[in-house]
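>>> I'll drop the sequence and a predicted model, then ask my questions.
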Number of protein chains: 4
Amino acid sequence: MDQKETMPTKSARPRNAEETRADLLAAARLRFARDGFDATNLRDIAADVGVNVALIPRYFGSKEGLFQAVVAFDRSRLAQAMQGPPEHLAERLLKNALGDPAGRDHDLFVTLLRSSDYPPAASYMRTLLDLLSADLATQTTASDAELRADLVVALITGIVVLRRLVGKTSLSEATTEALLPSFQHVLSVLLPDVGAGDLSNK
Amino acid sequence: MDQKETMPTKSARPRNAEETRADLLAAARLRFARDGFDATNLRDIAADVGVNVALIPRYFGSKEGLFQAVVAFDRSRLAQAMQGPPEHLAERLLKNALGDPAGRDHDLFVTLLRSSDYPPAASYMRTLLDLLSADLATQTTASDAELRADLVVALITGIVVLRRLVGKTSLSEATTEALLPSFQHVLSVLLPDVGAGDLSNK
Amino acid sequence: MDQKETMPTKSARPRNAEETRADLLAAARLRFARDGFDATNLRDIAADVGVNVALIPRYFGSKEGLFQAVVAFDRSRLAQAMQGPPEHLAERLLKNALGDPAGRDHDLFVTLLRSSDYPPAASYMRTLLDLLSADLATQTTASDAELRADLVVALITGIVVLRRLVGKTSLSEATTEALLPSFQHVLSVLLPDVGAGDLSNK
Amino acid sequence: MDQKETMPTKSARPRNAEETRADLLAAARLRFARDGFDATNLRDIAADVGVNVALIPRYFGSKEGLFQAVVAFDRSRLAQAMQGPPEHLAERLLKNALGDPAGRDHDLFVTLLRSSDYPPAASYMRTLLDLLSADLATQTTASDAELRADLVVALITGIVVLRRLVGKTSLSEATTEALLPSFQHVLSVLLPDVGAGDLSNK
DNA sequence: AATGAATGAGATTTCATTCAT
DNA sequence: CATGAATGAAATCTCATTCAT
């Protein structure tokens, strides 16, 4: 349950609090996303940066504080990813989830999922996804718009889970191009475009 | 990260190993599903049942042994749920995931997801979902059947994650009846040629 | 540190307290000699006999009681081995230590040595060896008879330790015939006047 | 089996890792030699030094690591004791075993003997004694040199066992001067000096 | 007479955190 | 500003023993 892949990025550390803090945050981001809240230990994070463990409680108050800082950091990155014309939001999300091979922009998602045993993580995830769902729901006039948007969110979530958490055999290796057609088809069914006419209604 | 909600189910415990073992298994099932492998501690499980912790290593060999017993138990329940005419497999899965208010029949899924930081859990989940996906892929003649089946699996996964792990606001409370139409619609899109004609193709 | 070689000798155990007790004692004798007091566990002993662990505290009071019973049992066996013409005592002891391939008759010695972390064992050993040394000391008229006898005891002790505890390479496999000449030579040096003249005095 | 004789050597402990480590090693050396591997518990060692138990796993990796550190420490002491002209090796060994009233220089021997239920200890002892025996065997031209050397080793071993492990009454209090004559006499019999002529052959 | 169930104490080890330098 | 030392709590597991049948 403990993967010891310490990778010291710096050796002659300059006495620069700001930068040290940022480095710790970055290292923590990776660890939390990879191992989840519980399985991550502070000593490894500090070792990644090449710095003493005691700095983490000092800078972030506690392990929990560090986690929240990571979440806050990623939230702003996600906010950017969500910006743009709303009618292409879902595609953008998918591309984000798929496109970046390292999947960096969805570390937030993975981090939260991997730490779902840690209640604040689940709680924050709820907030986040409600926001996303609300955005998506504005794109259709269907009476059950909310549920339909939720299904879209579920699909994206499922894709991320299967690719990043579970490592499901074929889906993990599929390219964006291979997935996009079917995905968009599902979207057009769940969120029929008002202007374009609802092709998928029975 | 440690929720101490000891709920002693029995007070005058009869000296019955079979039953005690079963009770421990049941308590563990709940804890593991709720908190994940790491965050669950044996003392709480024992307290739930009202017995001494030492019984768990004795009866199940180790914490890991207990976890595997839980997984094995749920696997057989899931196997039942998956039996029946293959063309309705997905619906059955969804109903299972949704129908039972407590969602008992999918504890396996939840348990494994919550414990995804524990490698055996992720590994087992991979196996399980590959099986499921293969079953689903037989239902369409589309050239990218595998990916389409994976998307169905992703959707179901996402629904379970959102309902059980995240507790997403609206989706968690939706009834089967409310969700089924949209879900089936998506299915007919992803896995066409299912006996009937394909209504959703453009 | 725990060798699990359970060898159930009986299956349909007759309800005979006397015999059960004897079997437990025999099994304990082997285990204590092989593994020492601490490393021996009662459950394995009970399993060897095919009987429930709880019988041991019942019959022998405690683990310590069992150990003492084993020691007492072996003491009487050793007493027999020591009987005979005193001038050949040392040879008899050596033959006992060497002759029996399984070395049964010296299990007492081995048992006590292996359990030397357990104070009563050391204490009892002291008593035993003092007795032995006193016997040997009667065989010489040398002024430092006591020390000379002690050296004989030390030599025998060392041989047993090296053969049975340490498993020293060549000594462990040496036959009685190979060792006896040198041994007797040493004896004649340490305990002269044994009937014959003192060949070894300078 | 547990002797709780905590003897805090320091009260105002200076924050000095090096020294703390050394103190732990020293305390462990005593405990292991006195009680053996199994019967020694880390909490007592830590208490002897007046520090928290957790420092031991941190500094030495594990209980086993600590044991090996002790053995390595004593090995180097023993190596020194063995250096010098080979024809006086045995006497030097005896003096070492006898000379130091506390017998410090043979703690290695005692430690290993007391921990003979712990396989690595027995294994290491075998290696050590084989080495010693080989050294001794070079001192005689007798055809059974190996066995004769083994008997010398056995004698020394027995002396150490009787003095340090068993606490045999008279031998424990004998001075070097008292023992040396008889010991040397035995040596001259077992390892007849080529140059000096073999006085002890019949 | 004997069994099986269950207990309670104890041991090692991990880890976030605090203290002093 | 940062380090290294040290702490204390918690967690799993082993084992002799007691309880009830």
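Good, I have the coordinates. The shown structure was predicted, so the numbers you read here are calculated from the model rather than taken from an experiment. Residues are numbered from 1 along each chain as shown, chains lettered A, B, ... in the order given.

>>> name the nearest residue to the residue most central in space within chain A, ignoring sequence neighbours.
Nearest to the mean C-alpha position of chain A, counting by CA atoms, centre = their mean, stands A:Phe109 at 2.4 Å. Spatial nearest neighbour of A:Phe109, chain neighbours left out: A:Val160 (5.4 Å); criterion: CB to CB, 6 or more residues apart in numbering or on different chains. For glycine as for every other residue, the C-beta is placed from the backbone atoms N, C-alpha and C.

>>> in this structure that neighbour contacts A:Thr111, no?
No. Counting by CB atoms under 8 Å, A:Val160 sits too far from A:Thr111 to count as a contact (11.3 Å).

>>> tell me which helix or strand the residue nearest to A:Phe109 sits in.
According to DSSP states H and E, A:Val160 maps onto helix A:145-160.

>>> does the helix or strand just after that helix reach chain B?
Per DSSP H and E, the first helix or strand lying C-terminal to helix A:145-160 is helix A:169-173. Yes. Using CB under 8 Å from any CB of the partner chain, helix A:169-173 reaches chain B at A:Thr169, A:Ser170, A:Leu171.

>>> which strands or helices does helix A:169-173 pack on?
helix B:119-137, helix B:145-160 (3 or more CB pairs under 8 Å, 6 or more residues apart in numbering or on different chains; DSSP states H and E).

>>> one more time with 6 Å, if that's ok
With contacts taken as 3 or more CB pairs under 6 Å, 6 or more residues apart in numbering or on different chains; DSSP states H and E, helix A:169-173 sits against helix B:145-160.

>>> could you check whether the least confident helix or strand in chain A by mean pLDDT is close to chain B?
Least confident helix or strand of chain A, by mean pLDDT, DSSP states H and E, is helix A:89-99 with a mean of 72. No. With CB under 6 Å from any CB of the partner chain as the criterion, chain B is not reached by helix A:89-99; the gap is at least 10.7 Å.

>>> what comes up buried for that helix?
A:Leu89, A:Ala90, A:Arg92, A:Leu93, A:Leu94, A:Lys95, A:Asn96, A:Ala97, A:Leu98 (16 or more other CB atoms under 10 Å in any protein chain shown).

>>> count of residues packed around the residue nearest to A:Phe109?
Neighbourhood size, A:Val160 [other CB atoms under 10 Å in any protein chain shown]: 25.

>>> test my guess that it contacts A:Asn96.
No. Using CB atoms under 6 Å, A:Val160 is not in contact with A:Asn96, being 9.6 Å away.

>>> near DNA strand F, which residues of chain A show up?
Counting by CB under 7 Å from any atom of the strand, the positions of chain A adjacent to DNA strand F are A:Arg13, A:Arg15, A:Asn16, A:Ala17, A:Thr20, A:Gly50, A:Val51, A:Asn52, A:Val53, A:Ala54, A:Leu55, A:Arg58.

>>> run through chain A and note the low-pLDDT ranges.
Applying pLDDT under 70 to chain A flags the ranges A:1-15, A:81, A:86-87, A:99-106, A:193-202.

>>> would you mind listing what in it touches chain B?
Taking CB under 6 Å from any CB as the criterion, chain A approaches chain B at residues A:1, A:35-36, A:38-39, A:116-118, A:122, A:125-126, A:129-130, A:146-148, A:150-151, A:154-155, A:157-159, A:161-162, A:165-171, A:174, A:182, A:185-186, A:189, A:200.

>>> quick one on the thing from earlier: quick one: which two of the buried residues of helix A:89-99 are the most distant?
Maximum pairwise distance in the buried residues of helix A:89-99, criterion CB to CB, is 14.9 Å, between A:Leu89 and A:Leu98.

>>> by contact count, what packs against the longest helix along chain A?
Using DSSP state H, we find that the single longest helix of chain A is helix A:17-39. Contacts defined by 3+ CB pairs under 6 Å, 6+ apart place helix A:17-39 against helix A:42-49, helix A:63-82, helix A:107-114.

>>> which outside residues touch the last one?
To tie it back to what came earlier, the one meant is helix A:107-114. Applying CB atoms under 6 Å, 6 or more residues apart in numbering or on different chains, the contact partners of helix A:107-114 are A:Phe32, A:Ala33, A:Gly36, A:Asp74, A:Leu78, A:Ala121, A:Met125, A:Val160, A:Arg164, A:Leu165.

>>> try it again at 8 Å.
For helix A:107-114, contacts defined as CB atoms under 8 Å, 6 or more residues apart in numbering or on different chains pick out A:29-30, A:32-37, A:70-71, A:74-75, A:77-78, A:97, A:103, A:121-122, A:124-125, A:128, A:157, A:160-161, A:164-165, B:113, B:116-117, B:161, B:165.

>>> drop anything exposed from these.
Buried residues within the contacts of helix A:107-114, counting neighbours by 16+ other CB under 10 Å: A:29-30, A:32-37, A:70-71, A:74, A:77-78, A:97, A:103, A:121-122, A:124-125, A:128, A:157, A:160-161, A:164-165, B:113, B:116-117, B:161, B:165.
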